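Participant: Sequence plus predicted model, see below.
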Amino acid sequence: MSGVNRKEKKYAKLMRNQPSNFTFSSADPGAGRSGMGPSEPQTDNPNYSCFTSHQGVNGDHGQQQQVGSSHQPSSYGDRQRGSHRGGFRGQRGSSRGSYRSYSQEIPKIITATNFAQARAAEINAMLKAVTHKSGSQFLQSLPPAMRRRAMSHNLKRLPRRLREIAKKEVEKIAQLKKEQSKSKSRKARRRHGNLLMEFNRRQRKNIWLETHIWHAKRFHMVKKWGYCLGTKPTTKSYRACYRAMSKQCLLQDLSYYCCLELNGTEDNLLKTLTCLSSREAGTTFASVACLSGKCQGSLVLYKADQYPEKPLGPVTFLWRPKTLSENRQLWIWAHPALKMDLLTELQLVCQCLDVPVPEPAPSECRTVTRTPVKQAKVIGSKRKLHDKAGEQVVPEKKIIGNGTRDPLETVIWTSLTTGIVIEDLTMEILRYRLIGPLSHCVMFEAIQAAGILKVSLLLEMAFCEDERFTVASKNSEGREETGLHSWWSEYCESPENVTLHNRQEGVLLLLPGIASPAEISAGTVLGLTVGDPRLNMPKNRTTAMPDPTQPKDLEKIRELCLNGVGAECAQSQIWDRNIRNIVTETKITEQELNGMRSKLLVPGTRLDLGPQESKIPILLVQQPGKMAGQEHTGWGSGWDILIPKGWGMAFWIPLIYRGARAGGLQEGAKHTQYKGLPHFPDDFPDCPAGMQHSEETEKELIAKYKKYPPAKRPNYIHHGTMTPFRCPWQRLVEDWETQNQDGGIKPTMSDQEQGLRSELQASNREAVGVHEKGAFEEISSEEKPPNLEEKMEEESESMTTLEQNTGCKNIHNPSNRDCSSKSGHVSILRNRKLLKQVSAWCRPTSSRGQQTRQYRGSAPVQMTADTVKSVICSYPRFLVWVRLSLLKKGSPVANATICIPSKEDLQRLASEPNCSGPQEPKHRDPFKQECKALRKSQKKRTLPQDSETAAGDLERKSASSFGKVLIRGLWPTQPLNVMSHCSRLTIGYVSQGDFSLTVGCGEAWGFVSLLGLLRMVLSQPAERRGLALVRSPASLQYRFAKINIEV
Amino acid sequence: MAENQPLAPASEGALDMDQVEYTLRKRLPRKLPKRKNDIYVNMKTDFKAQLARCQKMLDSGCFSEICIHGLGLAINRAINIALQLQGGSFGALQIAANTSTVELVDDLELDEGEPLTRTRNNSAIHIKVFHTLPK
């Protein structure tokens, strides 16, 4: 049979070159076989089979005979044909059946021209197959008996007539192989220059942080926001990272945060920037403590004069302490997802030209920064790289900073009118974050203040410069004579600077006496100039611990805690671009450093570079821990270290060697979560970046959901979850608004009413069934009566008097109204005053928080129907950031619904404290039938025409009526009436939820509609205020949770 | 020990502060370096658990004495724990108490102007519980 198999293969190969019209038609063999009885076994009739092939019906036979040996016994040909039939026509029986059915349709007449044309195609194909031999066919053109294995190796073993062809073939193959084998050997690829080239190529698209390679070995990397970032360690370390945050020290590389520098006079800057934020929301750029440069501030920026409608996102900012010059420098640190929005808005506000004024300085500076290690490379590399022509190849430079940016792209924008200069400092300054109480110790051990250096001293040193500095001093060729760190010696010339440096050093030395960063005032900034941290590295990884035996200056520590660091101590040379560049350029490479180490007299001792040691200006910024709320204050406090670029790994490794554990994006998110703050961009649904993020995640989650078979994934329709993968904020807010219009602001409709309503809806759904669409239309038309907005406006106008009485001022009332009349916007309440008020209302009267009033002066507004009404009218479409802590079991997940508990639920909770919460009745799936029909129609695609068109109709109908593809278990339409879809009224959604390791129970963070919240609170008895229900999207179980609004 | 600071009387301190609105944020009390036999008592953890922890420490034989610290509201509890330990030991344990004053720092965040800090004092107790005959 092997021979037959081979023939089959060969046949298949030949058939590849057949023209498309030349097929193994089923009618033809029947035509040729007409004379014989169909039941006659074919193997018995060799002559006949030969006849059919000669008829030219089966072109394959002709080819077979030509390609193979010319003289074949007829029985051989027959066997062949039998095998063909087996291969191409399936079972014998079926083929026989086809003979029978077609035997009647014998053509009476054959037109010669047509026939000849058809055959011409076949002949062409045959000729093509014979003449054009692909691949190693030169061997196969020999009959099997003449083939030898060694022929492919040595061409001279071939018959002479075939040698020419074979030679060509072999050459062709060799060429192909050569082209393919572009990849070098592993050894070659790992060679330093090649590796660097490869790395540089890979970071052209996404920016790599300087710690990228370190992270890539230990972390799951993702490409996000144009960066390659580590999400979480590959090791199992979720809890270990949490412990590090709360008890030890966690290190995170936040260099991907973008820094924008604004330069201008203070008045101008403040004047232009005031429109971006509002006093109501807390800190502004003009806050006194921040303006002096003493501490870092954080705020949420809005589009110019759009507060509270269009936020851009949260930023932190840092003023440079006053220097001699009139201009002030301001750094705004923003998340990369927000950077472009922010930059355009800043340009708009500062009236900076889109086409920048050509400035020689930045481009020059950039070329310098682009080639920082060039000289060192040339000198340091022993292996001279030459290409074939003998020219020296310029060695690849290591990319420091932003590798994706086009060098000609501008990063500086100047305003002619205001004189403000905006500069994009992305990747120019690195930011490391240390979180945890031990971050003091880690930092103190890793960083040491630089020694004072004077020019006179340096000159002296230059004379007795010994051999080990030659490499380093060679680097400084072309620079000033004074040596490597001229900026530092110049800086030290002035006695004021020296005293300042000593004071800064004094503060640093006090730090280990303080047990936790939370004891220092929030946002303290400390400028420093430090020595090379690589020089005093421990040999092994150690854990920095506070040393209780060390003598401490308690009085000074107390002073530091009380008054913080003076504003002048926040001064640092890192603000100066030139000095940053010098510091980056003059970095001694690891290689050189190791070379010097190897020449040490006693191996393993500390390398003392003396005045040649690098001096790096840095900034230390205290990060306040949990500020909001009463519990766990100061959790997760730490320090941020700002370093000039190029020095990333030089600081990273020493910190790691002091016992800091590295964390990724996931740990960062958990950190903000446990601090009770919204995390950007997940928890900013009103910012453009947040909206985009939620869309992306929804798409991802739907794709993941679709991968599972329907039985292995939750049917969200049954669970009464309309949007399991995102939070329909806008619908929710609109629903509450209309509800408010309809029902007035009187305490909630009674529970019976609620029940009735939900029942009614359920029955509606059941009765309507497939005609759901109509019902939806009705609801939607009900929902938006045309006079709605007018009505609201009237009401809010009538409320203005009330507002004044209650002291709840609303300056932006007109803008509010404008916004709410525009459809499609949600805002988040960031007015601190109002938040405090709402927060007080949500607390039960008996709790401790109520007793301690957060602020005095104006008496807190009592919660009455009137005050609530006024708030509601001025803030109709607002969401409030809340933290939910679950009373008993359960840990909610993202997109869980937050609902109002009914009176029975509260009573039940009071009577039996262990009850876990009510259950949602299972919902009916109105789309089930359609889904089934759709699936059936998809299956029956192959059936006759009439049924197919019907199915197509159905599909089209469903597509048009729902605007979306039906996925089983997912609500196909845009959600309508999200508020009252379930048995309990929905007031909000959870944006993140988890088991909280700080509190030890399930916690969730999310937004609730202000209207819904106030209504819920109003209806609840005073001692049980702020109790809500939470239900995860794939569960029917409601859980009790306590709503906390922390300001 | 961190969370148990009692709430300062509202009228204390600045009278002029009543004029302006501010947010009061309490900083953590100063943390002292901790030896292995130091136990800081708080009001959040279950009393029984804290007692058991002390008992276990004493029974383990590693320490001949332990120090129980309580601040503010937790003073009561610290005393309670120490007495319970002593009572349950049939005279094998003795206690010695010290009191002290701890300075606490509050931040006053004003809506405008520079943030203020103020200090207030709170009492603390340090009870040494030790074996009469050291093992």
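Facilitator: Sure, I can see it.

Participant: quick one, what contacts residue A:251?
Facilitator: A:432-435, A:442, A:652, A:655-656, A:660-663 (Cβ atoms under 8 Å, 6 or more residues apart in numbering or on different chains). (Glycine included, C-beta is placed from N, CA and C.)

Participant: Closest to chain B out of those?
Facilitator: Closest to chain B out of those is residue A:435 (15.3 Å), distances taken as Cβ to the nearest Cβ.

Participant: Quickly list what the nearest residue to that closest one once chain neighbours are set aside is bridged to.
Facilitator: Of all residues beyond its chain neighbours, the one nearest residue A:435 is residue A:638 (4.0 Å), with distances taken as Cβ to Cβ, 6 or more residues apart in numbering or on different chains. Beta-bridge partners recorded for residue A:638 (DSSP bridges): residue A:435, residue A:623.

Participant: pLDDT value on residue A:638, please?
Facilitator: We note a pLDDT of 92 for residue A:638 in this prediction.

Participant: neighbours of it, just the number please.
Facilitator: Residues contacting residue A:638 under the criterion other Cβ atoms under 10 Å in any protein chain shown number 29.

Participant: what's near enough to touch residue B:97?
Facilitator: Contacts of residue B:97 (Cβ under 8 Å, 6+ apart): B:79, B:82, B:125-128.

Participant: With residue A:667 instead?
Facilitator: Here residue A:667 is in contact with A:232, A:241, A:245, A:250, A:252 (Cβ under 8 Å, 6+ apart).

Participant: circling back to that earlier point, mind putting the contacts of residue A:251 in a markdown table, pLDDT and neighbour count included?
Facilitator: Shown next, in a markdown table, are the contacts of residue A:251 (pLDDT from 0 to 100; neighbours: other Cβ atoms under 10 Å in any protein chain shown):
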| residue | pLDDT | neighbour count |
| --- | --- | --- |
| A:432 | 94 | 22 |
| A:433 | 94 | 20 |
| A:434 | 93 | 25 |
| A:435 | 93 | 31 |
| A:442 | 90 | 26 |
| A:652 | 93 | 24 |
| A:655 | 93 | 23 |
| A:656 | 93 | 17 |
| A:660 | 91 | 29 |
| A:661 | 93 | 20 |
| A:662 | 93 | 22 |
| A:663 | 93 | 28 |
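
Participant: Pick out the residue in the stretch 201-350 of chain A sitting closest to chain B.
Facilitator: For the stretch 201-350 of chain A, Cβ to the nearest Cβ, closest residue to chain B: residue A:288, 4.4 Å.

Participant: I'd assumed residue B:114 was in contact with that residue.
Facilitator: Yes: Residue A:288 is within contact range of residue B:114, at 4.4 Å (criterion: Cβ atoms under 8 Å).

Participant: Give the residue spans of the chain that score low on pLDDT.
Facilitator: You didn't say which chain, so I picked chain A. Residues of chain A meeting the criterion pLDDT under 70: A:1-4, A:14-104, A:132-138, A:181-182, A:353-396, A:407-408, A:454-485, A:743-824, A:845-863, A:941-965.

Participant: actually it's chain B I care about, not the one you picked
Facilitator: If you take pLDDT under 70 as the line, chain B has these spans: B:1-21, B:33, B:111-113, B:134-135.

Participant: which SS class is residue A:126?
Facilitator: helix (DSSP: H, G, I helix; E, B strand; the rest coil).

Participant: so how many other residues sit close to it?
Facilitator: Neighbours of residue A:126 under the rule other Cβ under 10 Å: 20.

Participant: any idea how far it lies from residue A:120?
Facilitator: To residue A:120, residue A:126 is 11 Å away according to Cβ to Cβ, to the nearest Å.

Participant: same thing with residue B:116?
Facilitator: On the measure of Cβ to Cβ, residue B:116 and residue A:120 end up 102 Å apart.

Participant: more crowded one of these two?
Facilitator: A count of neighbours by other Cβ under 10 Å puts residue B:116 above the other of residue B:116 and residue A:120, at 13 against 10.

Participant: Quick check: what element follows the helix or strand that residue A:504 is a member of along the chain?
Facilitator: In this assignment (DSSP states H and E), residue A:504 forms part of helix A:495-510. Where DSSP H and E defines the elements, the next helix or strand beyond helix A:495-510 is strand A:525-531.

Participant: ok, residues contacting that following strand?
Facilitator: A:293-296, A:318, A:447-451, A:488, A:491, A:501, A:504-505, A:507-508, A:565, A:569-574, A:613-622.

Participant: Looking at those, which are in strands?
Facilitator: A:318, A:615-622 (DSSP state E).

Participant: which of these tops the neighbour count?
Facilitator: residue A:616 leads those on contacts (other Cβ under 10 Å) with 29 neighbours.

Participant: Touching, that residue and residue A:641? I think so.
Facilitator: No: Residue A:616 sits out of contact with residue A:641 when judged by Cβ under 8 Å, with a separation of 10.5 Å.

Participant: ok, so what distance separates residue A:265 from residue A:177?
Facilitator: 69 Å.

Participant: again, but for residue A:550
Facilitator: From residue A:550 to residue A:177 the distance is 69 Å (Cβ to Cβ).

Participant: Could you do residue A:200 as well?
Facilitator: Counting by Cβ to Cβ, the gap from residue A:200 to residue A:177 is 29 Å.

Participant: the more surrounded of those two?
Facilitator: When residue A:200 and residue A:177 are compared for neighbours, residue A:200 comes out ahead with 15 against 9, by other Cβ under 10 Å.

Participant: Tell me where the longest strand sits in the chain.
Facilitator: With no chain named, the answer covers chain A. strand A:986-996.

Participant: wrong one, I was asking about chain B
Facilitator: Max-length strand for chain B by DSSP E is strand B:93-110.

Participant: Distance from the chain centre to that strand, please.
Facilitator: Chain-centre distance of strand B:93-110: 6 Å, with Cα atoms, centre = their mean, to the nearest Å.
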